[in-house]
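>>> Can you look at this prediction? I've put the sequence above it.
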Amino acid sequence: MAQAGKGRLNYRCPSCFMRDLDIDMFYDKEKDEYYCLRCQYTGKEADILKDNEQVRTKYKAMYQRYSEFDFE
Amino acid sequence: MERKKIVDDVFSKFNEIFGFYPESTGSYYMDADLTNYIKAAYPSVKCAIATCWEEGPKAYHTCNNSWYTLFDGGPWAPWIPSKQNTHAPAANKEDSGIVAIPHLSRDLIACYDGNGSNFGTHPQNVLRGMIYDTKTWEFPYLYNLIDQYRAQEKYNNGYAYNMMFVGPGWMNKMGRWEAPYELLLKSYSDGCKYYGDLKKEGKLIDMTMAEFADYYRTKKTYTEPECALWRDILYGSDKQIFWYTDPYMRAGVNMDQGGAIFDLRPYAAKLKWEVGIGTKHVQDASYPFLIQEKYRAGYFTHYAGEGTIRSAKICHNGEEVDLCLCRTKAQLSREGDTRILTLHPVEVEFCDLTVKLQTRIYFEEGTGTIRIAREILEMSNPDAEVEINEYMVACYGTTEYPEDMSGILLRCEGEEPEEIIYEYRCREKSAAGAKSVSAVIPAIGTKVSMEASKGAEGYIREGYAFSPMFTLGYKKKVSDKEVFETWLKLEKAD
């Protein structure tokens, strides 16, 4: 295969991101998939977008707008 | 020396172009030596970006160990650095002559618990953390973060600081991470607009760095602390913590762990800590901790040993409950020069006894002392007694890895003073009515001690190789309505 490159955007590895690691993935044209150099994650763009939504589930208050900041 | 040459180079270039020297400057980290040099050579400088809050080993780790900004342990809001150590605020004439500001205003829970670069007022922190709605591109978290900073004025004499400091390079036409250029642009535009709207509503005053330095010097005294009562605004946990900084210490208190001190930096030592090539610390600029619950565990450890934490155990008939397991909330008030963190009462349940207990933590301005009072409000059996074991498990370091504890001097000041010179032998000494228990840590020039109200037994404990900590503590039997007080003091070691 030819060398891998970057995709349209710099997708990071969702699996590494889950443990606080920012690792840009590389794109394999032949397989049409992104892969992580640091772990075993591979995925199509749609897989990454779906897995990134999974990443966000830890932010349970992500859509909430607060107006009070103490507990009185 | 290279750093000073760089300073001379850029300052002379600035002068060459503008015809004067700047009033403000900045770097990812400026150690005291560099700040002192800049102030002496270019007295016009009055403000500097001197560090970034908690951008230490966690940020290094996040960047696959390829981002060498190792500077934990500083203030999160502006301060006047001392001439000895940039992180440590000046107590008096040791004033470095500048007002320091952190690189960003960061989330005081999320940045401590996780990667700092995902949770700050740099709008692209929010994108980096994926904290936005992918369908609408809305990111209420950024505004919650700005607003929570604004809310701190309640605890800081009507003043709160917030800033967004970034360069145009972050609006890369190629996009960044998963975010296309349009989203990068939107994050900046919306972020700036929010500040602009606040200004129009009279809720914000914008200043240049130099203007801010002038304002800050008229507003703050040297010993006045910076306080932040902070809640989780992202994970939906209702977790609440308190941060306190003054020239003697930085301390973090976790209400989710019954008011345990989970982070403690002994600024009282004003540690000389030069950073850069040719010094002992080429990259590591962090101010050392005595307690750091992430790098040295906290209440929870695996299998053996103890983690660093300052908490208390309530004991009755062979049962023991650590207040770290009593989740609660707190309010902050002020009496004279003392800030008082009053925790909501918690209930401790034993097999045959329920104890209602309240914790108050007093930060006494200009003393380097934290007073902790535990009051028994109620007992299911009013004639019962419980033992309160006030303890501090500590060590020292700046990273996740243990340091050599050999030579730390532990002292228990009973009628016959007892000493342990640390040799990893798990020894313990105690004395009824001990005046104080203390540890002197030569490597960081720090003495930490505890004292207690009358009738308590003081103890000191050495650790071992698999638990490289020391413990200072006091135990006392208390009954209904009684208050047990202890004082934790930080000093520069002789």
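Arrived safely. Numbers count the residues shown, from 1 in each chain, chains lettered A, B, ... in the order given.
>>> how about the residues of chain A near chain B?
Within chain A, the positions near chain B by CB under 8 Å from any CB of the partner chain are A:9-12, A:17, A:20-24, A:38, A:48-49, A:52-53, A:55-56, A:58-67, A:69-72. Every C-beta, even on glycine, is put in place using the N, C-alpha and C of the backbone.
>>> host element of the residue in chain A that chain B sits nearest to?
Here chain A gets closest to chain B at one residue, A:Lys60, 3.1 Å apart by CB to the nearest CB. Taking DSSP states H and E as the definition, one finds A:Lys60 inside no helix or strand.
>>> And for it, the neighbour number?
By other CB atoms under 10 Å in any protein chain shown, 13 other residues sit near A:Lys60.
>>> other SSEs contacting the helix ranked longest in chain A?
Ranked by residue count and defined by DSSP state H, the top helix of chain A is helix A:45-56. The helices and strands touching helix A:45-56, judged by 3 or more CB pairs under 8 Å, 6 or more residues apart in numbering or on different chains; DSSP states H and E, are helix A:14-17.
>>> Tell me which residues touch B:Ala210, please.
Residues counted as contacts of B:Ala210 (CB atoms under 8 Å, 6 or more residues apart in numbering or on different chains) are B:23-24, B:46-47.
>>> Backbone dihedrals for it, both of them.
Main-chain dihedrals, B:Ala210, degrees, to the nearest 10: phi -70, psi -40.
>>> How about the backbone phi and psi for the spatially closest residue to it that is not a sequence neighbour?
Taking CB to CB, 6 or more residues apart in numbering or on different chains, and ignoring the residues beside it in sequence, B:Ala210 has B:Glu23 as its nearest neighbour in space, at 3.8 Å. With angles defined as degrees, to the nearest 10, B:Glu23 sits at phi -100, psi -20.
>>> Run a quick neighbour tally on B:Glu23.
18.
>>> I'd assumed B:Phe212 was in contact with it.
No - B:Glu23 is beyond contact range of B:Phe212, at 10.5 Å (criterion: CB atoms under 8 Å).
>>> who touches both of these two?
Contacts common to B:Glu23 and B:Phe212, judged by CB under 8 Å, 6+ apart, are B:Cys47.
>>> Tell me the buried residues in the longest helix of chain A?
For helix A:45-56, a neighbour-count test (16 or more other CB atoms under 10 Å in any protein chain shown) marks A:48, A:51-52, A:56 as buried.
>>> so what's B:Gly276 closest to, chain neighbours aside?
Among residues not flanking B:Gly276 along the chain, B:Arg3 sits closest, at 5.7 Å (CB to CB, 6+ apart).
>>> other SSEs contacting the strand or helix carrying the one you found?
Counting by DSSP H and E, the element that carries B:Arg3 is helix B:2-18. In terms of contacts (3+ CB pairs under 8 Å, 6+ apart), helix B:2-18 is packed against helix B:32-41.
>>> With only the CA atoms kept, save the helix it packs on in PDB.
Extracted in PDB, the C-alpha atoms of helix B:32-41 (Å, rounded to 0.1, in the frame of the first residue of the first chain):
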ATOM      1  CA  ALA B  32      11.300  34.100  39.100                       C
ATOM      2  CA  ASP B  33      14.800  34.500  37.900                       C
ATOM      3  CA  LEU B  34      13.500  35.500  34.400                       C
ATOM      4  CA  THR B  35      10.800  37.800  35.800                       C
ATOM      5  CA  ASN B  36      13.300  39.500  38.100                       C
ATOM      6  CA  TYR B  37      15.600  40.000  35.100                       C
ATOM      7  CA  ILE B  38      12.800  41.500  32.900                       C
ATOM      8  CA  LYS B  39      11.700  43.800  35.700                       C
ATOM      9  CA  ALA B  40      15.200  45.000  36.300                       C
ATOM     10  CA  ALA B  41      16.100  45.500  32.700                       C
END
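>>> elements contacting the next helix or strand after it?
Next along the chain after helix B:32-41, taking DSSP H and E as the criterion, comes strand B:47-51. In terms of contacts (3+ CB pairs under 8 Å, 6+ apart), strand B:47-51 is packed against strand B:24-26, helix B:32-41, strand B:99-102, helix B:209-219.
>>> what's next to the first one, contact-wise?
Read that as strand B:24-26. Applying CB under 8 Å, 6+ apart, the contact partners of strand B:24-26 are B:38, B:45-50, B:103, B:208-210, B:213.
>>> can you pull the contacts of the spatially most central residue of chain A?
Central residue of chain A (CA atoms, centre = their mean): A:Pro14, 3.3 Å from the mean position. Taking CB under 8 Å, 6+ apart, we find A:Pro14 in contact with A:41, A:43, A:48, A:51-52, A:54-55.
>>> pLDDT at it, what is it?
Each residue has a pLDDT score; the one for A:Pro14 is 97.
>>> Tell me which residue in the stretch 151-300 of chain B sits closest to chain A.
For the stretch 151-300 of chain B, CB to the nearest CB, closest residue to chain A: B:Gly236, 3.1 Å.
>>> ok now do A:Glu53, which residues does it touch?
A:Glu53 sits next to B:Thr134 when contact means CB under 8 Å, 6+ apart.
>>> Quickly check: the helix of greatest length in chain B near chain A or not.
Scanning chain B for the longest helix, with DSSP H as the assignment, gives helix B:181-200. No - legend: contact between helix B:181-200 and chain A by CB under 8 Å from any CB is lacking; minimum distance shown is 10.1 Å.
>>> Which secondary structure elements does that helix sit against?
helix B:123-128, helix B:140-151.
>>> State the mean pLDDT of the last one.
By that I understand helix B:140-151. 98.
>>> which secondary structure elements does it contact?
With contacts taken as 3+ CB pairs under 8 Å, 6+ apart, helix B:140-151 sits against helix B:123-128, helix B:181-200.
>>> so that helix versus helix B:181-200, what angle?
30 degrees (axes from the mean of the first three to the mean of the last three CA atoms, to 10 degrees).
>>> quick one: B:Gly407 and B:Ile420 touch, right?
No - checked against CB under 8 Å, the pair B:Gly407 and B:Ile420 is beyond contact range at 11.1 Å.
>>> neighbour-wise, which of these two wins?
Each of B:Gly407 and B:Ile420 has its neighbours counted (other CB under 10 Å); B:Ile420 has more, 19 against 12.
>>> can you pull the pLDDT of the more buried one?
For B:Ile420, the pLDDT comes out at 98.
>>> So what touches the helix or strand hosting B:Ser449?
Using DSSP H and E, B:Ser449 maps to strand B:446-452. Outside strand B:446-452, the residues within contact range by CB under 8 Å, 6+ apart are B:266, B:268-269, B:271, B:288, B:290, B:390, B:392, B:394, B:396, B:434-441, B:458, B:472-474, B:476, B:484-494.
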